[in-house]
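Q: only the shape, not the letters, is given here:
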């Protein structure tokens, strides 16, 4: 069903049957003729952080993902709850080696993701789903950090989680950093920083 829908969107129609059309000279709030035009105007380039909506394969901006795949960019940090599957969603950016670091809450169902991570080709920062949402919200609201009970007392708090293995796998090249932690009203909390992109 979603592939058939994307063929419709690929003709420049959104799901309501309206064409994308530029209506203003303001670079924000603009409607573009294609996802490629939108990405070119955004100034997206190598080493940028890209925030990708959707949940699993539902609600993902597939047109923009396909357009990013055609761009000459690499070393992206991508923030999304997962990395799609091998040949759909963010999985196509992963296969074309455009993603350097993935910040997500779920990493299953993508064999290429697993292969790249374990062989030292991909950095992975695991973040609980609610914390990921709050880090994104904090970035949008201008709040540089906040405290949460989630992950208190775990390897996330203590640091040392393997973010990246050395090429060929086995030894860890980059470990996660310990999180600042404090007590409020007798309960332990860790500090999480915003995510902006």
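A: Alright, I've got the coordinates. Being a predicted model, the structure only gives us computed values, none of them experimental. Numbering: from 1, shown residues only.

Q: tell me how many other residues surround residue 91.
A: If you count neighbours by other Cβ atoms under 10 Å, residue 91 ends up with 22. Every residue, glycine included, has its C-beta placed from N, CA and C.

Q: from residue 69, how far off is it?
A: Residue 91 is 10 Å from residue 69, where distance means Cβ to Cβ, to the nearest Å.

Q: go on, residue 93?
A: Relative to residue 69, residue 93 is positioned 6 Å away (Cβ to Cβ).

Q: who has more neighbours out of those two?
A: A count of neighbours by other Cβ under 10 Å puts residue 93 above the other of residue 93 and residue 69, at 23 against 14.

Q: hang on, isn't the more buried one packed against residue 76?
A: Yes: in terms of Cβ atoms under 8 Å, residue 93 counts as a neighbour of residue 76; the distance is 7.2 Å.

Q: show me what the longest helix anywhere in the chain is packed against.
A: Looking across the chain with DSSP state H, the single longest helix is helix 129-141. Helices and strands touching helix 129-141, by 3 or more Cβ pairs under 8 Å, 6 or more residues apart in numbering; DSSP states H and E, are strand 145-148, strand 187-193.

Q: right, I'll leave it there.
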